[in-house]
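Asker: need a structure here:
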Amino acid sequence: MSIIDEIAKSVGVSGATVSRALNDRPGVGSDLRERILAKARELNYTPTLNARGLATAQTFNIGFFFVQKSGVPKRADPFYSEILDSVQQVISRTNYHVAFESLSPDTLTRPADFRFIRERRIDAMILAGPNIPAGFITAMLNSELPVVLVDNRLEFSTANCVNSDDELGAYHAAQHLLQLGHTQIGVIAGPPDWASTARRVRGYQRALVEHGLAMQVVHMNETTIESGRTAYQQIAAAHPEISALGAVNDSMAIGAIREAKLLGKSVPDDLSVIGFDDISWAELNDPPLTTVRIPRQQMGKEAAHRVLMLLQDPDLLASEIIVPVALVERHSTAHKEVKV
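Answerer: Sure thing, here's the model as predicted:
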């Protein structure tokens with residue numbers, strides 16, 4: 001009998017219901033969800049601190065965990081490295097230290113074996129990135145340690161999290177393109193179940209609907225330069241009339257610009273492109289990228305302060321902190337040329 005079946009039998013529900021609860025899916029009431037999670041803790045489906053002495057011992061370490069993007073070395077990610085630096089600045093003023101590590105695919109699929117908790121190497125954790133699956137997050141929340149999410153959230157379970165104002169930022173990005181005269185606007189995005197992707201696509205959708213316009217969107221499995229290139233290939237082939245492109249992050253925008261140039265397009269004369277994040281590469285791009293700036297240092301500080309508060313008072317009610325964003329206009333967007 002699998003652990004899922006064992007939990008289901010003990011609680012008196014189906015295995016599908018157990019799976020929905022453990023993976024933050026809809027269709028499970030809050031009381032039943034908590035009963036399932038409690039039974040998961042009892043049966044060691046999620047990492048616990050059962051070893052003698054581990055439940056009360058302090059390590060004075062706070063874990064900062066993320067999923068490493070393909071082809072990007074640790075600490076080289078232009079988005080999360082800045083957040084990590086800000087977290088370390090705050091934590092350095094306390095008795096705690098920051099231990100950072102990337103999460104492997106094996107760790108994400110087997111959270112009960114996560115050594116940082118199983119061996120009690122940390123007192124709390126910050127999980128950064130929309131690509132950390134809900135099942136892993138739920139397991140970490142069930143581990144009895146304080147958890148703060150950055151650039152992520154759960155839909156059906158409560159969690160402390162710090163996010164940028166994704167939907168409003170994308171709405172302003174779309175409004176910028178509309179004000180430049182673009183009416184054929186495409187969007188390239190990551191997986192639709194990533195929280196930030198969903199919010200940013202929703203922001204574009206809201207702006208275009210207000211103007212009676214349709215949105216064309218392509219979703220990819222990741223949000224890298226390479227996936228941006230592929231996404232542009234797909235959307236340009238299906239909708240050659242598109243004159244402006246919004247990307248859910250700068251990496252995808254940069255990839256799209258590179259691919260558009262290879263296909264003979266001039267940016268911004270033939271195609272306006274706008275990103276999201278304002279990573280260090282954005283201003284150095286050719287042309288410099290119009291984008292939505294996220295205050296990454298503020299996100300890191302908010303996450304660090306929240307995790308320190310939870311260490312002092314683990315019973316604090318979970319909350320989502322939203323940091324503001326700002327449109328940064330550079331040279332990758334321009335007025336749509338009217339051809340006669």
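
Asker: okay, the residue nearest to the spatial centre of the chain: pLDDT?
Answerer: Nearest residue to the geometric centre of the chain (Cα atoms, centre = their mean): residue 130, 2.2 Å. In this model, residue 130 is scored at 95, pLDDT.

Asker: helix or strand for it, which one?
Answerer: If you go by DSSP states H and E, residue 130 is not part of any helix or strand.

Asker: Would you enumerate the residues in contact with it?
Answerer: 151-152, 190, 194-197 (Cβ atoms under 8 Å, 6 or more residues apart in numbering). C-beta: built from backbone N, CA, C; applies to glycine.

Asker: could you redo the last one with a cut-off of 6 Å?
Answerer: 151-152, 194-196 (Cβ atoms under 6 Å, 6 or more residues apart in numbering).

Asker: same thing with residue 311?
Answerer: For residue 311, the residues meeting the contact criterion (Cβ under 6 Å, 6+ apart) are 124, 146.

Asker: cool, residue 147 as well?
Answerer: The neighbourhood of residue 147, defined by Cβ under 6 Å, 6+ apart, consists of 125, 140-141.

Asker: between those residues, which is closest to residue 100?
Answerer: Sorting the contacts of residue 147 by how near they are to residue 100, with Cβ to Cβ, puts residue 125 at the top with 10.4 Å.

Asker: just checking, what packs against the helix or strand hosting the closest one?
Answerer: According to DSSP H and E, residue 125 maps onto strand 124-128. Contacts defined by 3 or more Cβ pairs under 6 Å, 6 or more residues apart in numbering; DSSP states H and E place strand 124-128 against strand 61-66, strand 147-150, helix 296-312.

Asker: Give me the below-cutoff pLDDT ranges for the stretch 1-150 of the chain.
Answerer: Under the criterion pLDDT under 70, the flagged ranges of the stretch 1-150 of the chain are 1, 41, 44-56, 69-76.

Asker: hmm, try it at 80
Answerer: 1-4, 9, 19-20, 22-27, 34, 37-57, 68-78 (pLDDT under 80).

Asker: Wasn't residue 107 part of a helix?
Answerer: Yes: in this structure, residue 107 lies within a helix as judged by DSSP: H, G, I helix; E, B strand; the rest coil.

Asker: Which among the helices and strands packed on strand 124-128 is found nearest to residue 116?
Answerer: Closest approach to residue 116 among the helices and strands packed on strand 124-128 is made by strand 61-66 (5.4 Å; Cβ to Cβ).

Asker: what angle separates that closest one from helix 296-312?
Answerer: 140 degrees (axes from the mean of the first three to the mean of the last three Cα atoms, to 10 degrees).

Asker: List the strands paired with strand 61-66, with their directions.
Answerer: Its sheet considered, strand 61-66 pairs with strand 97-102 (parallel), strand 124-128 (parallel) by DSSP bridges.

Asker: Among those, which comes closest to residue 160?
Answerer: strand 124-128 (9.7 Å).

Asker: just how off-centre is the closest one within its chain?
Answerer: Here strand 124-128 shows a centroid-to-chain-centroid distance of 13 Å under the convention Cα atoms, centre = their mean, to the nearest Å.

Asker: Which among the helices and strands packed on strand 124-128 is found nearest to residue 323?
Answerer: Of these, the one closest to residue 323 (Cβ to Cβ) turns out to be helix 296-312, at 5.0 Å.

Asker: Averaged pLDDT, that closest one. What do you get?
Answerer: On average, the pLDDT along helix 296-312 is 97.

Asker: Can you tell me what sits against the helix or strand following it?
Answerer: Toward the C-terminal end, the helix or strand that comes next after helix 296-312 (DSSP H and E) is strand 320-323. With contact meaning Cβ under 6 Å, 6+ apart, strand 320-323 is reached by 161-165, 295, 298-299, 302.

Asker: could you redo the last one with a cut-off of 7 Å?
Answerer: Contacts made with strand 320-323 from outside it, assessed by Cβ atoms under 7 Å, 6 or more residues apart in numbering, are listed as 153, 161-165, 295, 298-299, 302, 306.

Asker: Turn the contacts of residue 147 into a markdown table, columns for distance to residue 222 and neighbour count.
Answerer: Rendered in a markdown table, the data for the contacts of residue 147 read as follows (distance: Cβ to Cβ, whole Å; neighbours: other Cβ atoms under 10 Å):
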| residue | distance to residue 222 | neighbour count |
| --- | --- | --- |
| 125 | 23 | 23 |
| 140 | 22 | 25 |
| 141 | 25 | 22 |
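
Asker: Of the residues you listed, which is the nearest to residue 268?
Answerer: Using Cβ to Cβ, residue 125 comes nearest to residue 268 of those, at 41.9 Å.

Asker: Run through the bridge partners of the nearest residue to that closest one once chain neighbours are set aside.
Answerer: Taking Cβ to Cβ, 6 or more residues apart in numbering as the measure, residue 125 lies nearest to residue 63, with 4.0 Å between them; neighbours along the chain are not counted. For residue 63, the residues forming beta bridges with it (DSSP bridges) are residue 99, residue 125.

Asker: thinking residue 63 is in contact with residue 115, fair?
Answerer: No: distance between residue 63 and residue 115: 10.7 Å, which falls outside the contact criterion (Cβ atoms under 7 Å).

Asker: picking up where we left off before, out of the contacts of strand 320-323, which is most surrounded?
Answerer: residue 162 (28 neighbours; other Cβ atoms under 10 Å).
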